[in-house]
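coords please:
(one chain, ligands or ions: 1)
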Amino acid sequence: MSLLHNLEAPVVGAPMAGGVSVPPLVAAVSEAGGLGMLPAGYRTPEQLAADLVDVQDLTDRPFGVNLFVPDRPRREEHEAAVAAYREALLPRAAALGVDPGTPSWGSTDHWEDKVALVETFAPAVVSCTFGVPDADAVARWRAAGSEVHVTVTSGAEALAAHAAGADVLILQGQEAGGHRGTHDASADPEVVYHLGLLEVVRAGPAGELPLVAAGGVTTSGDVRRALAAGAVAVQVGTALLLSAESGASPTYRRALRDPSLTERVTTRAFTGRVAGALRNAFVDELGGLAPSVFPVVGQVSGPVRRAAAAAGEVQWTHVWAGVGWRACQERPAAGIVRELTG
Ligand SMILES: Cc1cc2nc3c(=O)[nH]c(=O)nc-3n(C[C@H](O)[C@H](O)[C@H](O)COP(=O)(O)O)c2cc1C
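Numbering: from 1, shown residues only. Below you'll find the predicted structure:
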């Protein structure tokens, strides 16, 4: 049994790093009877600790924390391709009055410190994306009383996460907004929807675990179909982007409503990892150049994307979106969760 079996609303609020799933959104989803997830990605341990306290101040209900399992790209292998990507960004960076970022090759996004912080804090759930957490981390979190959830994007990844002792698998299909959680960042993610993944995973040994369906879930019909196909809950990101509590920036909110952004694609353009986003000039100009070197490519492009967002320029920032982005609603998250499960 997982705590997911006892949720009033079988909806996990996706952890959305980059300032989207801020504490008020996490708490609002849990208060609505779902499970709010706080993203640890890109936060310093100090910021994460403050976020954890903020969520606790806002709700007594269970919530979870999500960590990026670090990628460790080899500098000598990729340095030239990253330099060429940086070079290609220079004109746009100059136009926006910034320099592209400098790669930080050894960065693990403070993995060890976050593992320890989460162990001390012992949230109801610890979820991981981009890989399978090491056995030591899994054992420590479980000993502290947390359930361990792992995002997978293929049958093979499900088997690996099952073998590593995951309590729950999050099956992320190709419809998803934001980064694909594919364990090997340089591999092309399998082209499979969450319903297809449910079928594949349920047919194997990992099918004995509770499964969460993610990707493109924006209507109550989507939720019903996922539950009927064997999911215990759904994880929704895009559906919450325009909620009142979301931390999405004004430019991001406007981009999701911009009639000139008509196509949702998957691209490595922004960070080197495949991600679901609305097609814009950044995708068109950098998509073919971005090497599959996460998170380094994102460190290089970060100042450009942030400056564009600050300037209200939707063509030069990332507009993460799943296939259901047109159905985003501007209302309190509780209403969105209720409608999804109504
Ligand atoms: C803006 C944004 C940021 C995201 N950040 C994270 C993250 O930090 N960790 C994570 O596990 N998934 C992240 N995701 C992916 C979600 O967990 C989930 O798989 C996805 O939102 C599901 O597809 P949907 O957006 O169509 O609902 C993010 C998604 C979006 C849209």
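
residues touching the residue lying closest to G207 once chain neighbours are set aside, list them.
Leaving aside its chain neighbours, G207 sits nearest to V201 (5.5 Å; criterion: C-beta to C-beta, 6 or more residues apart in numbering). C-beta coordinates here come from the backbone N, C-alpha and C atoms, glycine included. Residues near V201 by C-beta atoms under 8 Å, 6 or more residues apart in numbering: V152, G155, A158, L169, L171, G207, L211.

Can you give me the buried ones in stretch 232-246?
Of all the residues in stretch 232-246, those buried under the rule 16 or more other C-beta atoms under 10 Å are 232-243, 245-246.

Please disregard the earlier target; I meant stretch 280-293.
N280, F282, V283, E285, L286, G287, A290, P291, S292, V293.

Now do it, average pLDDT.
For stretch 280-293, the mean pLDDT works out to 97.

Show residues contacting it.
By C-beta under 8 Å, 6+ apart, stretch 280-293 touches 73, 78, 81-82, 84-85, 88-89, 92, 185-186, 255, 261, 265, 267-273, 277, 297, 301, 305, 308, 314-319.

How about stretch 248-258?
By C-beta under 8 Å, 6+ apart, stretch 248-258 touches 19-20, 241-242, 261, 278, 280, 308-314, 317, 319, 321, 325, 328.

With stretch 236-243 instead?
Outside stretch 236-243, the residues that touch it by C-beta under 8 Å, 6+ apart are 11-14, 16, 20-21, 25, 28-29, 176-178, 214, 216-218, 246, 248, 252-253, 256, 320-322, 324-325, 327-333, 336, 340.

Keep only these that also lie close to the ligand.
Contacts with the ligand within those, as defined by C-beta under 6 Å from any ligand atom: A14, M16, V20, A176, G177, G178, A214, G216, V217, W320, G322, G324.

Let's verify the fourth one: helix, strand, or coil?
The three-state label for A176, taken from DSSP: H, G, I helix; E, B strand; the rest coil, comes out as coil.

and it, how many neighbours?
By other C-beta atoms under 10 Å, 30 other residues sit near A176.

what about stretch 1-18, how long is it end to end?
One end of stretch 1-18 sits 32 Å from the other (C-alpha to C-alpha, to the nearest Å).

my hunch is that A277 is in a strand, does that hold up?
Yes. According to three-state DSSP, A277 belongs to a strand.

Any residues of this structure in contact with the ligand? List them.
So far as C-beta under 6 Å from any ligand atom goes, the chain lies against the ligand at 14-18, 20, 39, 41, 66, 129, 151, 172, 175-178, 181, 214-217, 235-239, 320, 322, 324.

Mind pulling the model confidence for G342?
84.

show me what contacts the closest residue to it other than its chain neighbours?
Spatial nearest neighbour of G342, chain neighbours left out: S220 (5.6 Å); criterion: C-beta to C-beta, 6+ apart. Residues in contact with S220, defined by C-beta under 8 Å, 6+ apart, are E339, L340, T341, G342.

Can I take it that the first one is in a strand?
No. Counting by three-state DSSP, E339 falls outside a strand, being helix.

Can you tell me how far it is from the ligand?
Computed as C-beta to the nearest ligand atom, to the nearest Å, the E339 to the ligand distance reads 14 Å.

what does V232 give?
Counting by C-beta to the nearest ligand atom, the separation of V232 from the ligand is 16 Å.

for M1, same thing?
Taking C-beta to the nearest ligand atom, one finds M1 at 23 Å from the ligand.

Run through the helices of this structure in chain order.
Applying DSSP state H to the chain gives helices spanning 23-31, 45-58, 75-96, 111-121, 135-144, 155-163, 194-202, 220-228, 250-257, 281-286, 296-310, 333-341.

okay, the closest residue to F270 other than its chain neighbours: pLDDT?
Computed as C-beta to C-beta, 6+ apart, the closest residue to F270 that is not its neighbour in sequence is H318, at 4.4 Å. Here, the pLDDT recorded for H318 equals 98.

for H318, what are its contacts?
Applying C-beta under 8 Å, 6+ apart, the residues near H318 are F270, T271, A275, A277, F282, R305.

Out of these, which is nearest to L96?
Comparing the contacts of H318 against L96 with C-beta to C-beta picks out R305 as the nearest, at 9.6 Å.

picking that back up, just the buried ones among the contacts of stretch 280-293, please.
For the contacts of stretch 280-293, buried by 16+ other C-beta under 10 Å: 73, 78, 81-82, 85, 89, 92, 185-186, 255, 261, 267-273, 277, 297, 301, 305, 308, 314-319.
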